[in-house]
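Novice: pasting the sequence and the predicted coordinates here, then a few questions.
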Amino acid sequence: MIGYGFMGRAHSNAYKRVNDFFDLEYRPVLQAICARDEAKAKQFADNWGYASVETDWRKLIERKDIDAVDICVPNNLHHDIAIAAAKAGKMILCEKPLSMNTAEGQEMVDAVEKAGVANTVWYNYRRVPAVTLAKQLIDEGRLGRIFHYRANFLQDWTISADLPQGGAGLWRIDVKAAGSGVTGDLLAHCIDTALWLNGPITSVTAMTETFIKERKHTESGKVEPVGIDDACAFLCRFANGSLAIFESTRYARGHKALYTFEINGADASIAWDLHDLHRLNYFDHRDDSIVRGWRSIHVTDGDMPYMGHWWVPGLQIGYEHSFVHQVADFLQNLAAKRPTSPTFRQALETQKVCDAVLASAKSGQWVNVK
Ligand code: SOE
């Protein structure tokens, strides 16, 4: 494990829990945690049960007793670590977004494919059971022809102008570490889900805004320009002919992590909301008109995605379980020699859409996704 922030904890929890709930051929061994601050890394190792500590990721990657590397550090480090890990023959589980941009991401894809190592990117929301159920309903053709896709990811944690950029957690506001703002951090989730549920995006037109133009940098101590997008909205077209609207901001006062999407088809619609993540809202026009209406499916029954591994019908699970599911799928696929989605190659598609969105916001023109 490289990095011990919020995601380091979410992933560690998943590695520890997965074999308690899933029967798997493999069992993750928490062999080493790597971070620059040795004292904090030791504390993390004690809390979570890692057997050893490294302070240099290159040393970690050289170790013969490490089979898989989990990249949980700021985005600007993903590329070099992933390429070195692939060259060393390690499996790689990389935190989202895959990379700072498409060019870097392409090199990462080439490296893992050349090395033939198992790889996946942690777009965890795919594995919230209600979202996986949405995918099942779409694949069964229940929605019919899709006309519309709309998604939001709204937060409010950067409204204060006193918040510095850079450093633990706040690297997300530092363009040098993050690559972009809400586009790579939040819309990337919405785009990943959308590509999975609704197929390729072909063209986009976007607008972005940076509301607070300068912030003190935690590392330099100086006030520096802010290079990230604080808010981004874009329209797009999908290859299946549907139209979409996406919006993300860290300035929606009152919203902490409101990820929502709605898909409207000729026969049915679905809607999902991260704040109520165990429910899938579904409207089916084929119902008798006198009982037709939006139904709220409580996704807890054993025949619903992943739920047979947990409690009994009616008892729900939460955010952290989406990571457990990704590890379970990764280990199952490893045993079956199958890839785990999204692979680096699949996550590169999200990167391409993000790049097109940022290019469009800059030029003011529609941009085709390469
Ligand atoms: C940002 O606040 C953040 O933590 C993202 O980085 C995560 O990917 C998202 O799932 C929740 O919000």
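Specialist: Thanks, I have it. Numbering: from 1, shown residues only.
Novice: show me the shaky parts of this protein.
Specialist: Within the chain, not a single segment meets pLDDT under 70.
Novice: hmm, try it at 90
Specialist: Within the chain, the segments meeting pLDDT under 90 span 168-169.
Novice: ok, for the spatially most central residue of it, nearest residue in space, not its chain neighbours?
Specialist: By C-alpha atoms, centre = their mean, the chain has its centre lying nearest to Y123, at 2.8 Å. Nearest residue to Y123, sequence neighbours excluded (C-beta to C-beta, 6 or more residues apart in numbering): D192, at 4.1 Å. To be clear about C-beta, it is placed using only N, CA and C from the backbone, and glycine gets the same treatment.
Novice: what helix or strand is the one you found located in?
Specialist: Assigned by DSSP states H and E, D192 belongs to helix 188-198.
Novice: and the helix or strand just after that helix with helix 188-198, angle?
Specialist: For helix 188-198, the following helix or strand on the C-terminal side (DSSP H and E) is strand 201-209. Interaxial angle, strand 201-209 versus helix 188-198 (axes from the mean of the first three to the mean of the last three C-alpha atoms, to 10 degrees): 160 degrees.
Novice: just to check, the residue nearest to the centre of the chain is in contact with K96?
Specialist: Yes: with contacts counted by C-beta atoms under 8 Å, Y123 reaches K96, the gap being 5.3 Å.
Novice: between the two, which contacts overlap?
Specialist: Common neighbours of Y123 and K96, counting by C-beta atoms under 8 Å, 6 or more residues apart in numbering, are 188-189, 192, 347, 350.
Novice: out of those, what pair is the most spread apart?
Specialist: Pairwise distances across the shared contacts of Y123 and K96 peak at 11.3 Å for H189 and A347 (criterion: C-beta to C-beta).
Novice: ok, those two, which is more surrounded?
Specialist: Under the neighbour definition other C-beta atoms under 10 Å, H189 and A347 were set side by side, and A347 has more, 26 against 23.
Novice: the more buried one - that's part of a helix, no?
Specialist: Yes: under DSSP: H, G, I helix; E, B strand; the rest coil, A347 sits within a helix.
Novice: so V204 versus the ligand, what's the distance?
Specialist: 21 Å (C-beta to the nearest ligand atom, to the nearest Å).
Novice: helix/strand/coil for the closest residue to that residue other than its chain neighbours?
Specialist: Nearest residue to V204, sequence neighbours excluded (C-beta to C-beta, 6+ apart): C236, at 4.4 Å. Following three-state DSSP, C236 is assigned to strand.
Novice: about what we covered before: enumerate every residue touching the residue nearest to the centre of the chain.
Specialist: So Y123 contacts 96, 188-189, 192-193, 342, 347, 350 (C-beta under 8 Å, 6+ apart).
Novice: how about it, phi and psi?
Specialist: Per-residue torsions, Y123: phi -90, psi 80 (degrees, to the nearest 10).
Novice: measure it to T343 for me?
Specialist: Y123 sits 11 Å away from T343, going by C-beta to C-beta, to the nearest Å.
Novice: ok so, going back, who does the residue nearest to V204 bridge with?
Specialist: For C236, the beta-bridge partners are V204, A244 (DSSP bridges).
Novice: for the stretch 251-370 of the chain, which residue gets nearest to the ligand?
Specialist: When scored by C-beta to the nearest ligand atom, the stretch 251-370 of the chain has A257 as its residue closest to the ligand, at 5.1 Å.
Novice: count the neighbours of that residue for me.
Specialist: Neighbour count of A257, defined by other C-beta under 10 Å: 14.
Novice: and if you look at the one 4 residues further on?
Specialist: As a burial measure, the neighbour count of F261 was computed by other C-beta under 10 Å and equals 25.
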